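Participant: quick one, what's the 3D model for this:
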Amino acid sequence: RRAFIGYAGVRPWTTAMAEIVAPLRSIYARALEVGDLTIAVLGASMADLYAFHSGATLDDLRPQMEGTVQAIAQHGIASARAPHAELVRSVRILLDPAGADVRHAPTVSDDASAAIRFEIALNDLHRALLFGDPAAALEIARRDYASLDTPARPATHVVYWTYSTVALLAAVERGLVPRREVARRIRRGRQDVRAWAKAVRANAYRTHWVDAADARSRGKASAALERYERAIEEAWSAGARHDAALIAEQAGEYSEALGRRRNAEAFFREAHAAYRQWGARAKVARLETDRAAELGVVRGGAATSITR
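Facilitator: Predicted coordinates:
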């Protein structure tokens, strides 16, 4: 149990998320050996969560998640069932090139813990950003979550503060909410992201991403594009192909709005390449449909793209 607490809620403050996945899977195996079924299942569930949010390829992650689903069903650990089910749903949506319906309001029992509510909200927020629903992302990002104020520091906190701050700044830019109404939350998000980036080098790209969103919301085009470029490069360096893809897609949309066609094409090709490497077939298919001209897609043929 001490090992689980350390790797799940303490080590992320000093260690890259991707480096914690293997120890959590080892905790699962050791806990099963000694009969601590709750810690075993929580270890496996947290390993899946950290693997997903560190950019593990989805095809590699799927069998691990299926094993966790079986463990949850076999051992009846209710605290892991709902949030892990939402994570599984995210992966299934992303793997489906036909484009499964992402609109969903998971059923959360009245007695669900703050941690369960937070993890489900994080999944919803990520899907809203990935599939272009700024209103839904704003609604989730504005909520208060008790889990964010606990002594434990799971890596999902920096993931949340990154996505929520980007979502809030995008909402400000789009006129969905006045800046003054969300200024305090934006300020806290930026402070937390910077603190996490200072502690763990692999989180550095997050500061550039948030800075890009802030510059964009203030009409500072050159600064925003420069920060987007740095964020993409840092995300690739950190192995965060999933976030590199989303950052590049957002940068492409912004470049297109500015009338910078060549920049937009380069960013969309970068996003396409990153989504392919991640294994997010739903996003690849959507880009090839919505951005066919920028990607050089020929009807009935293949798309050209930047390769990594």
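Participant: right, and residue 283 touches residue 130 too?
Facilitator: Yes - judged on C-beta atoms under 8 Å, residue 283 makes contact with residue 130 at a distance of 6.7 Å. Every residue, glycine included, has its C-beta placed from N, CA and C.
Participant: now list whatever residues contact both of the two.
Facilitator: residue 94 (C-beta atoms under 8 Å, 6 or more residues apart in numbering).
Participant: burial check on residue 69, number of neighbours?
Facilitator: Residues near residue 69, counting by other C-beta atoms under 10 Å, number 19.
Participant: export stretch 191-201 as PDB, just CAs?
Facilitator: What follows is stretch 191-201, C-alpha atoms only, in PDB (Å, rounded to 0.1, in the frame of the first residue of the first chain):
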ATOM      1  CA  GLN A 191       0.800  28.500 -11.700                       C
ATOM      2  CA  ASP A 192       0.300  24.800 -11.200                       C
ATOM      3  CA  VAL A 193       1.400  23.900 -14.700                       C
ATOM      4  CA  ARG A 194       4.600  26.000 -14.200                       C
ATOM      5  CA  ALA A 195       5.300  24.300 -10.900                       C
ATOM      6  CA  TRP A 196       4.900  20.800 -12.300                       C
ATOM      7  CA  ALA A 197       7.100  21.700 -15.300                       C
ATOM      8  CA  LYS A 198       9.800  23.000 -13.000                       C
ATOM      9  CA  ALA A 199       9.700  19.800 -11.000                       C
ATOM     10  CA  VAL A 200       9.600  17.400 -14.000                       C
ATOM     11  CA  ARG A 201      11.300  18.300 -17.300                       C
END
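Participant: residues in contact with it?
Facilitator: Outside stretch 191-201, the residues touching it (C-beta under 8 Å, 6+ apart) are 12-16, 157-158, 161-162, 165, 203-204, 206-207, 210, 238.
Participant: buried subset of the residues you listed, written for ChimeraX?
Facilitator: Here is the ChimeraX selection string for the buried members of those, based on 16 or more other C-beta atoms under 10 Å:
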select :12,13,15,16,157,158,161,162,165,203,204,206,207,210,238
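Participant: go ahead and confirm residue 212 touches residue 231.
Facilitator: Yes - with contact defined as C-beta under 8 Å, residue 212 counts as touching residue 231 (5.9 Å).
Participant: following the longest helix along the chain, which helix or strand comes up?
Facilitator: Longest helix in the chain, counting residues (DSSP state H): helix 179-199. Moving toward the C-terminus from helix 179-199, the next helix or strand (DSSP states H and E) is helix 204-217.
Participant: which other helices and strands does that following helix contact?
Facilitator: helix 156-174, helix 179-199, helix 221-237, helix 241-258 (3 or more C-beta pairs under 8 Å, 6 or more residues apart in numbering; DSSP states H and E).
Participant: just the C-alphas of it, formatted as PDB.
Facilitator: The C-alpha coordinates for helix 204-217 follow below in PDB (Å, rounded to 0.1, in the frame of the first residue of the first chain):
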ATOM      1  CA  ALA A 204       7.800  21.600 -20.000                       C
ATOM      2  CA  TYR A 205       5.700  21.500 -23.100                       C
ATOM      3  CA  ARG A 206       2.600  22.200 -21.000                       C
ATOM      4  CA  THR A 207       3.800  25.700 -20.100                       C
ATOM      5  CA  HIS A 208       4.400  26.600 -23.800                       C
ATOM      6  CA  TRP A 209       1.000  25.200 -24.700                       C
ATOM      7  CA  VAL A 210      -0.700  27.300 -22.000                       C
ATOM      8  CA  ASP A 211       1.300  30.300 -23.000                       C
ATOM      9  CA  ALA A 212       0.300  29.900 -26.600                       C
ATOM     10  CA  ALA A 213      -3.300  29.700 -25.600                       C
ATOM     11  CA  ASP A 214      -2.900  32.900 -23.500                       C
ATOM     12  CA  ALA A 215      -1.100  34.800 -26.300                       C
ATOM     13  CA  ARG A 216      -3.800  33.700 -28.800                       C
ATOM     14  CA  SER A 217      -6.600  34.900 -26.500                       C
END
